[in-house]
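> Sequence isn't available, so here's the structure alone:
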């Protein structure tokens with residue numbers, strides 16, 4: 001069974017992360033499939049909006065560390081980089097339903113979504129410094145804009161997990177929903193978007209994200225430093241300790 005499940009329903013492309021034995025950790029193949037399904041949906045006039053969710057009461061625990069370390073240079077052709085650029089360039093709206101772990105990319109990708117909802121089991125974390133790395137996906141720019149400089153520093157520099165209630169208070173997510181109702185509620189929100197005039201919807205999304213050039217520049221700057229940090233002795237030691245756990 002594919003680790004990325006796709007279903008098109010009433011103008012909504014539902015994309016589910018389906019690797020429960022690894023807490024939906026992303027490997028390169030999953031990044032490739034995600035990007036392909038988003039690009040396909042972007043060019044399909046029958047698809048009006050995207051919905052992201054995770055199977056097995058887990059959004060995603062982030063990157064599959066062993067797979068990521070063996071994936072080569074973080075250049076323009078790297079599947080992770082292509083996914084991030086795809087998220088940045090999407091014209092159609094994207095909504096997310098977050099249950100369980102949302103670690104690393106599981107949190108930073110939400111900063112590029114238009115609507116985000118979570119249940120009480122959701123746990124968010126930005127553990128980049130914990131792994132001797134730096135933030136990604138332009139989160140070092142977007143997070144301070146959303147939550148303020150001091151709170152962003154606390155979330156990124158300490159790298160501690162935080163709850164859905166905290167994420168809602170900080171405006172990282174829109175609302176906390178009961179677990180049993182989460183996916184149905186988010187699908188209904190996605191359908192509402194799908195029923196809006198599509199060109200007006202896309203133009204409004206573009207206006208809301210007026211700083212995309214700055215975001216792309218910050219994303220590229222982060223990737224440069226991230227690549228350097230990956231090769232550092234500090235990071236190698238942290239990854240070895242992580243993989244031995």
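Arrived safely. Note that the coordinates shown come from a computational prediction; the quantities given were computed from them, not determined experimentally. Numbering: from 1, shown residues only.

> in the protein, which spans are helices?
Along the chain, counting by DSSP state H, helices occupy 28-43, 65-69, 79-89, 105-108, 139-147, 149-153, 164-169, 182-194, 198-208, 212-230, 233-244.

> Indicate which one of the ones you listed is closest to residue 125.
Taking C-beta to C-beta, helix 105-108 is the member of the helices of the chain nearest to residue 125, at 6.5 Å. In this view, the C-beta of every residue, glycine as well, is placed from N, C-alpha and C.

> Let me know how buried residue 215 is, in neighbour terms.
By other C-beta atoms under 10 Å, 18 other residues sit near residue 215.

> Quote the end-to-end distance of stretch 20-33.
Stretch 20-33 stretches 17 Å from its first residue to its last (C-alpha to C-alpha, to the nearest Å).

> Buried residues in it, which are they?
Residues of stretch 20-33 classed as buried: 23, 24, 25, 26, 27, 28, 30, 31, 33 (neighbour count, 16 or more other C-beta atoms under 10 Å).

> One more: stretch 112-119?
By neighbour count with 16+ other C-beta under 10 Å, stretch 112-119 contains the buried residues 112, 113, 114, 115, 116, 117, 118, 119.

> Among the residues you listed, which lie within strands?
Residues of these located in strands (DSSP state E): 115, 116, 117, 118.

> Touching stretch 128-143 from outside, list them.
Stretch 128-143 is contacted from outside by 84, 87-88, 104-105, 107-109, 111-112, 126, 152, 155-159, 214-216, 218-219, 222-223, 225-226, 229-230, 232, 234-235, 237-239, 242, using C-beta atoms under 8 Å, 6 or more residues apart in numbering.

> Quick one, which of the residues you listed are buried?
Counted by 16+ other C-beta under 10 Å, these give 84, 87, 104-105, 107-109, 111-112, 126, 152, 155-156, 159, 215, 218-219, 222-223, 226, 229-230, 235, 238-239 as buried.
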